[in-house]
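Colleague: the following comprises the amino acid sequence and a computationally predicted model.
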Amino acid sequence: MPEAMVASSASEATRGGTIQQVDVAVVGAGFAGLYLLHRLRKAGFTSVVLEEAADVGGTWYWNRYPGARCDIQTIDYSYTFDPELERAWQWSEKYATQPEILRYLGFVTDRYDLRRDIRFGTKVTAATWEHAADRWLLTTDHGASVSCRYYIMATGCLSAPKPPEIDGVKDFKGEVYFTGRWPHEEIKLAGKRVAVIGTGSSGIQSIPMIAEQAAHLTVFQRTPNFALPAHNGPPPADRMALLEGDRAGYREQARMSLAGVPWPQQMSVSWQLSDAERRERFEKAWAAGDLVYILTQLWADQGVDVDGNSLLADLIREKIRTIVKDPETAAALSPHDHPFGAKRPCLDTNYYTTYNRPNVTLVNLRQEPITGITASGIKTGKRGFDVDVIVFATGFDAMTGAIMAVHPITGRGGKSLSDVWANGPQTYLGLTVAGFPNLFMITGPGSPSVLSNMAVSIEQHVDWTVDRLMAMREAGYTTMEATDTAQAGWARHMADCSTLTLHRLANTWYTGANVPGKAWGVMPYTGGVGPYRTICDEIVSRGMLGFRLTGPNVAEQCNDGEVVRLQPDVRLVLNMLADMNLPPIESFGAQGARDFVAQFNAARPAGRPVGEVVDGTLAGADGPLPYRLYRPATPGPHPIVVYFHGGGWVLGDEQSDDPFCRDMCRRTGMSFVSVGYRHAPEHRFPTAAEDGYAATRWIAEHAAELGGKPGPVMVAGWSAGGNIAAVTCQLARDRGGPQISGQLLVCPVTDCTFDRPSYHENATGYFLTRSLMYWFWDLYCSPADRTDPRVSPLRGKLENLPPALVATCEFDPLRDEGVAYAQAMAAAGVPVEQLNARGHFHSSLTMVDVVITGVAARVQMANALRRFAGLPPERKEGDEGVRPRSDRLAA
Ligand SMILES: Cc1cc2nc3c(=O)[nH]c(=O)nc-3n(C[C@H](O)[C@H](O)[C@H](O)COP(=O)(O)OP(=O)(O)OC[C@H]3O[C@@H](n4cnc5c(N)ncnc54)[C@H](O)[C@@H]3O)c2cc1C
């Protein structure tokens with residue numbers, strides 16, 4: 001039955017007493033609420049928008065402070081749902097001012113005749129799910145309550161200003177203003193002594209304007225922020241040309257991009273660029289005046305790697321020192337407590353130069369915290385400042401503030417949202433919450449929201465939500481609710497995404513750290529706008545995965561599950577490979593497959609620098625074999641790891657795992673000798689195993705020549721290389737040496753049966769397929785030989801082997817035989833550490849700088865190797881993981 005008929009017939013907005021009945025109630029009349037109303041109406045839903053303010057605009061209604069502008073270029077920060085609308089409005093500036101954006105939103109409101117369904121001056125104070133009716137009841141502070149089937153919170157991520165945490169505000173006799181609630185009438189600051197507290201975006205935008213008017217401006221700064229010049233002016237001709245040249249293509253690129261602005265993905269990483277090249281790129285970005293450009297276009301690792309990031313942060317700090325004349329002020333303005341981009345950087349107009357003005361003073365609250373506000377001004381631990389005006393630019397209770405301010409929101413079974421979120425927001429997609437049917441949050445916590453061009457994210461959320469409501473109506477469903485499984489899976493995926501970026505290393509409003517007592521956690525989705533959109537679409541194409549749908553005359557539908565089980569970067573890699581639609585590797589033949597792998601490897605990022613790379617020749621089982629030695633930059637001699645590359649005994653060579661060897665060499669401080677053992681089908685079983693053993697023996701005997709420590713060596717290998725490393729340990733034990741002090745087996749082949757569950761579960765879709773493994777086995781080893789421990793080490797004697805770390809990946813056909821080998825060795829008394837990499841595939845851990853979520857596993861591997869060598873674990877500050885909370889500096 002159509003929803004419009006299920007709902008009580010929609011009434012006109014009934015004021016006072018009675019309850020207003022609608023299909024959908026929307027809270028908020030900003031960018032999101034306005035577009036929602038337009039779409040809902042077109043879809044035939046009866047709707048009302050409830051808005052606390054006296055008019056439309058949301059953010060742009062409230063934030064009228066001097067200098068308020070957007071910081072995403074306005075041609076991108078616009079609605080795109082209607083090409084006619086796009087043609088009907090021209091922006092005058094690259095970054096429009098608040099009055100112009102507010103005029104635009106008014107224009108949109110009038111164009112679609114939206115005001116007639118908006119109740120202004122109406123704050124929603126509480127919401128209750130009425131189970132018997134399957135409807136929400138919203139209580140308001142003005143006029144009728146609202147009963148609705150669907151309750152959509154378009155309440156804004158940055159709409160609940162954070163109250164000042166300073167005693168005595170009420171005692172102050174002068175004027176007090178909040179940037180987030182700036183008065184509508186003109187505020188005269190000329191000739192006055194003004195204090196601004198806070199140097200976030202609003203502070204940085206308003207300070208230069210206030211300084212121009214005030215007799216004296218004192219800025220109270222707790223945490224400096226990175227700011228870049230906006231270089232405002234008319235919309236840039238090059239961007240306009242791109243937009244006008246192919247409007248639909250430009251908008252589509254934005255929708256599939258990481259941040260909602262159409263810039264291509266940057267591929268070069270910092271260490272591939274010289275100092276001069278990096279500086280040139282930086283100067284270009286500084287001159288461009290574009291946040292998304294500098295955040296995405298300089299070098300690919302600046303947002304994910306501490307070292308790559310600090311190269312950029314240093315260049316910005318250098319700029320601050322050049323612009324600000326007083327070195328002490330420049331130092332105070334230079335951020336050191338967070339990576340660039342981990343806290344929202346700001347775009348400014350004359351911000352740093354403002355501190356060269358004689359009428360501006362910066363007070364560094366790190367050195368002299370505010371102790372209170374008095375009748376005449378502000379007191380710090382060291383002095384007092386008499387002022388006439390205090391401006392609080394202290395930001396927002398971001399992302400959750402406006403949602404939680406509707407209190408209580410009572411869901412199924414009387415559950416209150418504030419209880420459910422006591423330890424931080426839990427959502428499915430940032431849109432819905434388990435236990436709260438038919439509640440939707442536009443750009444809620446858990447969606448890209450504030451890490452994106454919000455106009456793009458808002459349109460995506462609105463479209464997805466309204467499309468779902470229409471589909472439900474069509475099918476006769478009246479409730480939609482996220483499942484616990486899906487929500488827990490989303491939390492895991494969110495956490496996986498945030499280990500990729502550096503946001504976790506900063507205390508910011510993204511993490512709730514700016515609000516005392518707020519649970520700490522990266523609230524926006526850090527996986528990017530395009531990937532997020534594809535996930536939302538995948539949920540639909542997989543039968544509303546993770547949602548329970550019910551209706552009066554239809555059977556309940558619940559296709560439960562987690563939408564993303566892969567690590568986010570693994571998902572991107574596998575999607576990219578799927579898009580290439582490659583024929584099976586085995587169909588190329590051995591040489592063709594080798595050429596393919598060489599081509600594939602050439603396209604990956606070059607490995608990071610190590611002290612020295614030396615190519616040489618060693619004695620194999622039956623003649624010379626090539627090797628490549630990776631030596632650390634530190635003085636030797638170093639412990640030696642003999643390394644065997646992957647490739648199914650058929651593909652690869654001593655250079656093919658180059659990035660992995662470099663990475664492990666850097667992390668362990670050890671020399672890696674990658675061995676070019678012979679391959680099948682030219683050299684079948686047991687050639688690879690015997691070459692591996694002979695090479696290990698030769699390397700152990702020539703350790704000193706190789707710059708290594710004499711004594712035991714270690715062995716390591718990935719895939720078939722892991723097989724050779726495992727076999728080498730057994731042969732070394734049985735043949736009287738060489739001495740091996742540890743083995744690192746990464747996704748090793750250990751057995752010749754193909755009936756373990758991982759061979760079925762991961763048979764296809766994860767690059768290494770079951771049929772490719774069959775092919776490798778066939779080329780290397782005849783069925784009669786396969787149970788020989790020199791190819792199936794799991795069948796060998798496992799006592800008295802060197803300590804091992806066995807790494808396996810969840811989505812690898814070889815997973816279960818790796819686990820079996822680890823368990824069997826442990827049962828035989830071998831000290832074994834097992835690493836099960838969740839969400840990874842066979843190649844994940846060796847795809848250095850492509851699969852960044854593999855870093856934690858490589859840190860664990862490096863620590864294991866160091867332990868095998870009798871060395872303490874090495875902690876490298878940087879990409880290897882999250883620092884403990886106590887290490888983080890306060891915001
Ligand atoms: C100064 C500033 C500059 C910004 N610049 C950019 C930018 O350049 N690019 C960008 O992408 N984003 C920017 N943002 C983020 C901005 O908030 C979003 O881009 C966008 O405007 C959000 O729209 P919205 O409709 O989701 O929420 P809002 O615009 O915040 O609207 C929410 C509305 O809900 C109302 N509301 C909330 N709770 C209730 C309730 N209980 N009852 C009734 N009404 C309620 C509020 O009064 C408000 O009007 C900026 C934010 C600020 C503060």
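Modeller: Structure received.

Colleague: may I have the phi/psi pair for the spatially most central residue of the chain?
Modeller: The residue lying closest to the centre of the chain (CA atoms, centre = their mean) is residue 526, at 2.5 Å. Per-residue torsions, residue 526: phi -100, psi 10 (degrees, to the nearest 10).

Colleague: can you pull out the low-pLDDT segments for this protein?
Modeller: 1-17, 875-891 (pLDDT under 70).

Colleague: what parts of it come near the ligand?
Modeller: 27-33, 50-53, 58-59, 61, 63, 68, 70-72, 77, 123-124, 154-159, 202, 402, 405-406, 442-443, 453-454, 458 (CB under 6 Å from any ligand atom). The C-beta positions use only the backbone N, C-alpha and C, and glycine is treated the same way.

Colleague: in strands only, show me these.
Modeller: 27, 50, 124 (DSSP state E).

Colleague: closest to residue 607 out of the residues you listed?
Modeller: The shortest approach to residue 607 among those belongs to residue 27, at 52.0 Å (CB to CB).

Colleague: any idea what that closest one is bridged to?
Modeller: Going by DSSP bridges, residue 27 is paired in beta bridges with residue 50, residue 153.

Colleague: contacting residues for residue 190?
Modeller: 213, 214, 215 (CB atoms under 8 Å, 6 or more residues apart in numbering).

Colleague: my error: substitute residue 229 in the last question.
Modeller: By CB under 8 Å, 6+ apart, the residues touching residue 229 are 286, 289, 347, 348, 349.

Colleague: wait, residue 31 sits on residue 102?
Modeller: No - with contact defined as CB atoms under 8 Å, residue 31 does not count as touching residue 102 (11.3 Å).

Colleague: so between these two, which is more surrounded?
Modeller: Neighbours per residue, other CB atoms under 10 Å: of residue 31 and residue 102, the larger number sits with residue 31, 30 against 22.

Colleague: for the more buried one, which non-adjacent residue is closest in space?
Modeller: Leaving aside its chain neighbours, residue 31 sits nearest to residue 458 (5.2 Å; criterion: CB to CB, 6 or more residues apart in numbering).

Colleague: ok, the one you found - contacts?
Modeller: When contacts are counted by CB under 8 Å, 6+ apart, residue 458 touches 31, 32, 35, 442, 443.

Colleague: quick one: neighbours of the second one, just the number.
Modeller: As a burial measure, residue 32 scores 28 neighbours (other CB under 10 Å).

Colleague: which among the residues of the chain next to the ligand count as buried?
Modeller: Neighbour counting by 16 or more other CB atoms under 10 Å classes 27-33, 50-53, 58-59, 61, 63, 68, 70-72, 77, 124, 154-159, 202, 402, 405-406, 442-443, 453-454, 458 among these as buried.

Colleague: correct me if wrong: residue 242 contacts residue 262.
Modeller: Yes - counting by CB under 8 Å, residue 242 sits close enough to residue 262 to count as a contact (7.5 Å).

Colleague: spit out the residues that contact those two alike.
Modeller: residue 250.

Colleague: more crowded one of these two?
Modeller: Neighbours per residue (other CB under 10 Å) separate residue 242 from residue 262, with residue 262 holding more: 21 against 16.

Colleague: how about the more buried one, what does it touch?
Modeller: Residues near residue 262 by CB under 8 Å, 6+ apart: 76, 242, 250, 251, 253, 254.

Colleague: run a quick neighbour tally on the nearest residue in space to the fourth one that is not next to it in sequence.
Modeller: In this case it means residue 251. For residue 251, the nearest residue in space outside its immediate sequence neighbours is residue 80; the separation is 4.7 Å by CB to CB, 6+ apart. By other CB under 10 Å, the residues close to residue 80 number 18.

Colleague: how near is residue 80 to residue 527?
Modeller: Using CB to CB, to the nearest Å, residue 80 is found at 22 Å from residue 527.

Colleague: try residue 151
Modeller: Residue 151 sits 27 Å away from residue 527 when distances are taken as CB to CB.

Colleague: repeat that for residue 217.
Modeller: According to CB to CB, residue 217 and residue 527 sit 41 Å apart.

Colleague: which residues touch residue 224?
Modeller: By CB under 8 Å, 6+ apart, the contact list for residue 224 reads 199, 332, 333, 334, 335.

Colleague: three-state assignment of the second one?
Modeller: Using DSSP: H, G, I helix; E, B strand; the rest coil, the secondary structure recorded for residue 332 is helix.

Colleague: grab the nearest non-local neighbour of it.
Modeller: residue 364 (4.3 Å).

Colleague: who does the one you found form a beta bridge with?
Modeller: residue 221.

Colleague: I figured it hits residue 330, correct?
Modeller: No - Residue 364 lies out of contact with residue 330 (CB under 8 Å); the separation is 11.6 Å.

Colleague: quick one: contacts for the residue of the stretch 201-350 of the chain found nearest the ligand?
Modeller: Nearest to the ligand in the stretch 201-350 of the chain, going by CB to the nearest ligand atom, is residue 202, at a distance of 5.5 Å. Contact partners of residue 202, counting by CB under 8 Å, 6+ apart, are 63, 65, 68, 179, 180, 393, 395.

Colleague: let's see it at 7 Å
Modeller: Contact analysis of residue 202 by CB atoms under 7 Å, 6 or more residues apart in numbering lists 63, 65, 179, 180, 393.

Colleague: from those residues, which single one is nearest the ligand?
Modeller: Closest approach between the contacts of residue 202 and the ligand, by CB to the nearest ligand atom: residue 63, at 4.2 Å.

Colleague: distance of the closest one from residue 159?
Modeller: Between residue 63 and residue 159 the computed distance is 9 Å (CB to CB).

Colleague: residue 41 now?
Modeller: Between residue 41 and residue 159 the computed distance is 23 Å (CB to CB).

Colleague: what's around residue 171, how many residues?
Modeller: Neighbourhood size, residue 171 [other CB under 10 Å]: 11.
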